[in-house]
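>>> whatever this is, show me its structure:
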Amino acid sequence: MAEGDKIVQELLLAGQQVQEIYATADWIAAHQPLLQEHSRVRLLEVMPEVLKQMSSLITPNRAMALLNMPASNAPLELKGKVSLALDAIQDPGNMGTIIRIADWFGIQQVICSPDCVDVYNPKTIQATMGSLARVHIAESDIHQLLTQTTVSSYAATLHGENIAGFAPIEEGVILIGNEGRGLRDEIIGISTYRITIPRMGGAESLNAAVATGIICGRMMIK
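Next up, the predicted model:
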């Protein structure tokens, strides 16, 4: 389930396999051209109070969509692109924001370790703001994946090389760790580079999604 005016629109525009849309009369009236283009999708008009009962949010939106989960068995390809690999990200808000960051910087592939939070958690979907429609999500053992590729990897740690010293990359895997413990030692141990955002103040650490945004801003912008 995906809910929110913008998210439902983004999913339709991206050609996702939307099965049904549940929406209020005013939302339907405001989006007639888009709905006519996607007339194959079953549309159900519901009263606002019914949508509120269906919603997982405190403040419900005017539209929700039911989608097929995309197939996740496509082979992973690391060469010729930049990927994000997430090790045990647990917070759905962080996960959704990281997917949105990937979309912003043109990173089309996010790889999640099996113990990451479910990317189809309603809070995660909400936090992506529609970016889930454009970013391929895959699940994989990250340590095993890194042992099977010659593509360079960049492990975000507290004690690595200053990211300011790295040129923008066109190929590689950026590794982001768990909110509390960071990346597992075995993953850091086989990474090509250890990278760090220099600390200039007294904060102990950065939020995982914030760190991802800063790293991508440095490593992706030419």
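>>> looking at this structure, which strand is longest?
Looking across the chain with DSSP state E, the single longest strand is strand 153-162.
>>> what pLDDT, on average, does it get?
For strand 153-162, the mean per-residue pLDDT is 96.
>>> so residue 81 sits against residue 111, correct?
No: counting by C-beta atoms under 8 Å, residue 111 is not a contact partner of residue 81; they are 11.5 Å apart. Backbone N, C-alpha and C define where each C-beta goes, glycine included.
>>> count the neighbours of the residue nearest to residue 61 when sequence neighbours are not counted for me.
In this structure, residue 61 finds its nearest non-sequential neighbour in residue 4, 4.5 Å apart by C-beta to C-beta, 6 or more residues apart in numbering. For residue 4, the neighbour count with other C-beta atoms under 10 Å is 21.
>>> test my guess that residue 4 contacts residue 59.
No: if you go by C-beta under 8 Å, residue 4 and residue 59 don't touch, sitting 10.6 Å apart.
>>> does the residue positioned nearest the centre of the chain count as helix, strand or coil?
With distances taken as C-alpha atoms, centre = their mean, the chain has residue 99 as the residue nearest its mean C-alpha position (1.8 Å). Judged by DSSP: H, G, I helix; E, B strand; the rest coil, the three-state class of residue 99 is helix.
>>> please report phi then psi for residue 123.
phi -70, psi -30 (degrees, to the nearest 10).
>>> the closest residue to it other than its chain neighbours: neighbouring residues, count only.
Nearest residue to residue 123, sequence neighbours excluded (C-beta to C-beta, 6+ apart): residue 92, at 3.8 Å. Residues lying near residue 92 (other C-beta under 10 Å) number 20.
>>> ok, residue 92 - contacts?
When the contact criterion is C-beta atoms under 8 Å, 6 or more residues apart in numbering, the partners of residue 92 are 117-118, 121-124, 127.
>>> where do the helices sit along this structure?
Assigned by DSSP state H, the chain shows helices spanning 5-13, 25-30, 32-37, 48-54, 92-104, 122-128, 142-147, 185-190, 208-220.
>>> let's see the longest strand of the chain as CSV, backbone CA atoms only.
Provided in CSV are the C-alpha atoms of strand 153-162 (Å, rounded to 0.1, in the frame of the first residue of the first chain):
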residue,chain,number,x,y,z
SER,A,153,33.6,0.0,-2.6
TYR,A,154,33.5,3.0,-0.3
ALA,A,155,32.8,2.2,3.4
ALA,A,156,31.4,5.1,5.5
THR,A,157,33.2,5.0,8.8
LEU,A,158,34.2,7.4,11.6
HIS,A,159,37.9,6.7,11.0
GLY,A,160,38.5,6.8,7.3
GLU,A,161,39.9,9.1,4.7
ASN,A,162,38.4,12.6,4.3
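>>> now do the phi/psi pair for the residue nearest to residue 151 when sequence neighbours are not counted.
Using C-beta to C-beta, 6+ apart and skipping residues adjacent in sequence, the residue nearest residue 151 is residue 78, 4.3 Å away. Residue 78 has phi and psi values of phi -100, psi -20 when expressed as degrees, to the nearest 10.
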